[in-house]
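Asks: Let me see the structure of the following:
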Amino acid sequence: MIRLVLFLMLLPGLAHAACRQALSMGLDVSGSVDDDEYRLQLDGVIAALNAQAVKDVLFMQPEAPIRLHVYEWSGPINQTIIVPWTAIEGPADLAQVTRQLLAHTRGVRAPTTAIGSAILAGYTYLEAHPDCWKRTLDLSGDGETNVGPLPETIGENLRPVGVTVNGLVVGAGDPDGDDERFVDIKQLSSYYRANVMRGPGAFVEVALGYEDYAATMERKLLRELASIAIGQADLDRISRAD
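Replies: Take a look at the predicted model:
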């Protein structure tokens, strides 16, 4: 039992925490994302959340659930909440999130791309959950900022303590039919790594196009969520070892 107590001491708040992670997901709906791409993006989120491997992690600790939040963003003042903060304690909660995503109608499709404003909005959403062991902002996008505050000018003093910002960047084909996505995605992923991602353990995942969005989102979610998941089986195994 002593070993179990020491283990718990290494995880502050484990016995009493209301949630193990607050995850806010920001989806790009700016003018560069057409209706077909938008549908692929939303359906990709649904598919990734309902992938068995992701569900296994989501449902791992119902006594300290992950809180999930989804919003879409485009221009500096255009952020629309799709899924309000929801504690994922079991299948019924995930089913509710899925219904909300399926029923959502696209919000304002501003012609501009305001990543800095999307980051600041995400900070505001996450500030309301200081009791979670981990807080993560996950931004998807297919272009660089062209309006509003530049991401690189948003100082660390504005980032809530411990919040991590991860990116999922999406390549786009040339409208004339010449596929330049390999070049575009290399430039965009470098931009996100240099200017958008920040905080402990931050990373960027890459989807070559929106048709690859679901698989990339699943990979990203597993990378984000598994790092904080402590299964009851692990605690029981440690207890038995004493």
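Asks: Pull the distance from stretch 91-103 to the chain's centre.
Replies: Computed by C-alpha atoms, centre = their mean, to the nearest Å, the chain-centroid distance of stretch 91-103 equals 16 Å.
Asks: Name the residues of that stretch that are buried.
Replies: Under the neighbour-count criterion of 16 or more other C-beta atoms under 10 Å, stretch 91-103 has Asp93, Leu94, Val97, Thr98, Leu101 buried. Quick note: C-beta positions are derived from backbone N, CA and C, even for glycine.
Asks: out of the residues you listed, which one sits closest to Trp73?
Replies: Closest approach between the buried residues of stretch 91-103 and Trp73, by C-beta to C-beta: Leu101, at 15.7 Å.
Asks: Double-check that that closest one belongs to a helix.
Replies: Yes. Counting by DSSP: H, G, I helix; E, B strand; the rest coil, Leu101 is part of a helix.
Asks: If you drop the residues flanking it in sequence, what lies closest to it?
Replies: Nearest residue to Leu101, sequence neighbours excluded (C-beta to C-beta, 6 or more residues apart in numbering): Ile46, at 5.2 Å.
Asks: I'd guessed the one you found sits against Thr98; true?
Replies: Yes. With contacts counted by C-beta atoms under 8 Å, Ile46 reaches Thr98, the gap being 5.7 Å.
Asks: Please name the nearest non-neighbouring residue to Gly107.
Replies: The shortest distance from Gly107 to any non-neighbouring residue, by C-beta to C-beta, 6+ apart, is to Thr80 (3.5 Å).
Asks: Give the burial count for the one you found, as a bare number.
Replies: When neighbours are defined as other C-beta atoms under 10 Å, Thr80 has 16 of them.
Asks: With Val163 instead?
Replies: If we define neighbours as other C-beta under 10 Å, then Val163 has 22 of them.
Asks: measure it to Thr80 for me?
Replies: When distance is defined by C-beta to C-beta, to the nearest Å, Val163 is 21 Å away from Thr80.
Asks: how about low-confidence regions in the chain?
Replies: Counting by pLDDT under 70, the chain contains low-confidence ranges at 1-17, 172-183, 227-242.
Asks: Assign the residue positioned nearest the centre of the chain to helix, strand or coil.
Replies: Nearest to the geometric centre of the chain sits Asp138, at 3.0 Å (C-alpha atoms, centre = their mean). The three-state assignment at Asp138 reads strand, by three-state DSSP.
Asks: Next: the one 10 residues further on.
Replies: Per three-state DSSP, the secondary structure class of Gly148 is coil.
Asks: List the contacts of it.
Replies: Gly75, Pro76, Thr112, Ala114, Ile115, Gly116, Ser117 (C-beta atoms under 8 Å, 6 or more residues apart in numbering).
Asks: Show me just the buried residues among the residues you listed.
Replies: Buried members of those, counted by 16+ other C-beta under 10 Å: Gly75, Pro76, Thr112, Ala114, Ile115, Gly116, Ser117.
Asks: Doesn't the last one belong to a strand?
Replies: No. Following the definition three-state DSSP, Ser117 is helix and is not counted among the residues of a strand.
Asks: what's the lengthiest strand in the chain packed up against?
Replies: Longest strand in the chain by number of residues (criterion: DSSP state E): strand 79-88. When contacts are defined as 3 or more C-beta pairs under 8 Å, 6 or more residues apart in numbering; DSSP states H and E, strand 79-88 sits against strand 21-28, strand 66-73, helix 91-103, helix 115-127.
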